[in-house]
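# need a 3D model of the following:
(chains A and B)
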Protein chains: 2
Amino acid sequence: MTFTQMLAAASQKNDSLLCVGLDPDPAKFPAHFQGRTEAIYDFCAAIVDATADLVSAFKPQIAYFAAQRAEAQLERLIAHIHERYPGIPVILDAKRGDIGSTAEQYAREAFARYQADAVTVNPYMGRDSVEPYLDWADKGVILLCRTSNAGGSDLQFLDVGGEKLYERVARLAARDWNRNGQIGLVVGATYPAEIARVREIVGDMPLLVPGIGAQGGDVEATVTAGRTAMTGGLLINSSRAILYAGKDENFAAAARRVAAETRSAINRYR
Amino acid sequence: MTFTQMLAAASQKNDSLLCVGLDPDPAKFPAHFQGRTEAIYDFCAAIVDATADLVSAFKPQIAYFAAQRAEAQLERLIAHIHERYPGIPVILDAKRGDIGSTAEQYAREAFARYQADAVTVNPYMGRDSVEPYLDWADKGVILLCRTSNAGGSDLQFLDVGGEKLYERVARLAARDWNRNGQIGLVVGATYPAEIARVREIVGDMPLLVPGIGAQGGDVEATVTAGRTAMTGGLLINSSRAILYAGKDENFAAAARRVAAETRSAINRYR
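Next comes the predicted model:
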């Protein structure tokens, strides 16, 4: 099954466009995790167990694992998701981008080592920096297009001859690079008008939208701008607002409650 | 000592603008490495030991370690360089790029975990995605500007209002982002005219130039275009042509010979 099919099936089964981002910061864990050897795995697995029937995907952010020397815990976490919740896709948020020979190594990292179903990739180095990921025919490749941070405008909003750079990225991705239907795009919730613009350019392509929750993006505006007839064509990510909803032993229940509320808030506007 | 000072001192001491890239691909190692538990470390440490008096920096490419589950060997390799060759800077080639909170984690990965002296960063997400690295005041931050691969032109060569995108990146880096003298730029050897253009824009800023050797860039054109009065202002990277110069037990001597020739070829045009 391809990533796109997997995403559509998970989205349909769980009636959800919600992607839960797994950004484990041990300083924010409930007190009873302090001192545990595998605290990162334990915390993330508890979040996964509490929310797996509410999501269309999970998105671990590799930086949080790498900073803590916790690659083995990330491997174990993704294996746990695949074993316990088969059919829920895992997007490795890594934003890699490098020349072809190096991109081959990063693709191996994401897809062979971590067994991710999709990976996020930075488009700045162009087509041949993206192709090694596309060579993994069943996997998804989610390119940065319009990011949710303030500095995103520094380059992405530049006019490149009648359109903005992010529009050019969307156009290149949809028209030239997506020969096998594997590509999706990252478009931040902080710019709903630009989600709508990207949707116009790329048709039903999956859009991964970070920036609601802690980053302040508006759910109604995001869903209205990004929704599409294709199941799995919109993925709205929330990380911190769900992970750290509770501060004590009930953190998983609190995470579940916020995830359920977020799923409902999203579904209200589909 | 800051990265820039360290780079200048190493360049002067070893009379070298050569950066040796450490891209360990076990499939290309000499036969006697096969089956060793720490083959990646052993191979790279042998290359380091054979070339450390010929270089101005080493640049491990993290993808090659990550694909092989060899993060611990990368830590050990960088520690080996710092212990045995103090003063030779280590640039972690990771091309990270993410929102501020995530960039903080990547900065911790590069500078605290791996003890790198500089890291390569992708500018696509703009200023606030670069700042968390700059908060490490002694460390270097080397931004992708004009990359050496064919697809580099897809975005970097777009006209953004009287200049190309890569020129805008150079201008933003030099004029707006480099408040503490920590920034360098990656400019590929495959485009000497563009190295010269970047040099015009950024003055003495360190330029890291990949693409000679296996990628075919011309040494004379590269040095002529990129040289500057500032020691350490130009770093010319070679990886595969040095690492895999020999295929048998004499691989380290072969690597040394090619590194010495490359240093000399570069110095001829300084």
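# need the strands for the stretch 51-200 of chain A, in chain order.
A:57-60, A:91-96, A:118-121, A:140-146, A:183-187 (DSSP state E, counting those that start in this stretch).
# in terms of secondary structure, what does the last one contact?
This points to strand A:183-187. With contacts taken as 3 or more CB pairs under 8 Å, 6 or more residues apart in numbering or on different chains; DSSP states H and E, strand A:183-187 sits against strand A:140-146, helix A:165-171, helix A:192-202, strand A:207-209. C-beta coordinates here come from the backbone N, C-alpha and C atoms, glycine included.
# can you give me the offset of the next helix or strand after the shortest one from its chain's centre?
If I follow you right, that is strand A:207-209. Next along the chain after strand A:207-209, taking DSSP states H and E as the criterion, comes helix A:219-226. Between the centre of helix A:219-226 and the centre of its host chain there is 17 Å, according to CA atoms, centre = their mean, to the nearest Å.
# then helix A:219-226 to CSV, C-alphas only?
Included here for helix A:219-226 are C-alpha records, laid out as CSV according to Å, rounded to 0.1, in the frame of the first residue of the first chain:
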residue,chain,number,x,y,z
VAL,A,219,-8.7,25.8,12.6
GLU,A,220,-11.8,27.1,10.6
ALA,A,221,-9.7,29.1,8.2
THR,A,222,-7.2,26.3,7.8
VAL,A,223,-9.8,23.6,7.0
THR,A,224,-11.9,25.9,4.7
ALA,A,225,-8.7,26.8,2.8
GLY,A,226,-7.2,23.4,2.5
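# what sits up against the helix or strand that it is followed by?
From helix A:219-226 onward toward the C-terminus, using DSSP H and E, the following helix or strand is strand A:234-238. The list of residues contacting strand A:234-238 from outside it, by CB atoms under 8 Å, 6 or more residues apart in numbering or on different chains, reads A:7, A:11, A:17-21, A:56-57, A:59, A:184, A:189, A:206-214, A:219, A:222-223, A:226-228, A:258-259, A:262, A:266.
# figure out how far strand A:234-238 is from the centre of its chain.
Average the C-alpha atoms of strand A:234-238, do the same for its chain, and the two points are 7 Å apart (CA atoms, centre = their mean).
# what parts of the stretch 101-250 of chain A come near chain B?
The interface of the stretch 101-250 of chain A toward chain B, taken as CB under 8 Å from any CB of the partner chain, is made up of A:101-103, A:105-106, A:108-109, A:112-113, A:122-130, A:144, A:147-156, A:158-161, A:165, A:168-169, A:172.
# how many residues are close by the residue in the stretch 1-150 of chain A positioned nearest to chain B?
Nearest to chain B, among the residues of the stretch 1-150 of chain A, is residue A:126, at 2.7 Å (CB to the nearest CB). Residue A:126 is surrounded by 22 other residues when neighbours are defined as other CB atoms under 10 Å in any protein chain shown.
# got the contact list for the nearest residue to it once chain neighbours are set aside?
The shortest distance from residue A:126 to any non-neighbouring residue, by CB to CB, 6 or more residues apart in numbering or on different chains, is to residue B:151 (2.7 Å). Remark: with contacts taken as CB under 8 Å, 6+ apart, residue B:151 is in contact with A:125-130.
# what separation do you get for residue B:151 and residue A:172?
Between residue B:151 and residue A:172 the computed distance is 10 Å (CB to CB, to the nearest Å).
# kindly report the same for residue A:181.
According to CB to CB, residue A:181 stands 16 Å off from residue A:172.
# which one of these two has more residues nearby?
For residue A:181 versus residue A:172, the count of surrounding residues by other CB under 10 Å is larger for residue A:172: 21 against 14.
# any idea what the most centrally placed residue in chain A is bridged to?
Ranked by distance to the mean C-alpha position of chain A (CA atoms, centre = their mean), the top residue is residue A:59 at 4.8 Å. Counting by DSSP bridges, residue A:59 forms beta bridges with residue A:21.
# just checking, it touches residue A:94?
No. Contact between residue A:59 and residue A:94 fails when scored by CB atoms under 8 Å: they sit 10.3 Å apart.
# longest single helix anywhere in chain A?
For chain A, the helix reaching the highest residue count under DSSP state H is reported as helix A:251-267.
# mean confidence score for that helix?
Along helix A:251-267, the predicted local confidence has a mean pLDDT of 97.
# that helix: how far from the chain's middle?
Per CA atoms, centre = their mean, the centroid offset for helix A:251-267 relative to its chain is 17 Å.
# which residue does the stretch 151-270 of chain A have closest to chain B?
In the stretch 151-270 of chain A, no residue comes nearer to chain B than residue A:151, which is 2.7 Å away by CB to the nearest CB.
# low-confidence ranges, the stretch 151-270 of chain A, go.
The stretch 151-270 of chain A contains residues with pLDDT under 70 at A:214-216.
# now do the contacts for residue A:59.
Listed by CB under 8 Å, 6+ apart, the contact partners of residue A:59 are A:19-22, A:90-93, A:208, A:237, A:239.
# just give me the closest of the residues you listed to residue B:78.
Of all the contacts of residue A:59, the one with the least separation from residue B:78 (CB to CB) is residue A:92, at 24.2 Å.
# quick one: pLDDT of the residue lying closest to residue A:122 once chain neighbours are set aside?
With sequence-adjacent residues excluded and distances taken as CB to CB, 6+ apart, residue A:122 is closest to residue A:97, at 3.4 Å. Per-residue pLDDT puts residue A:97 at 97.
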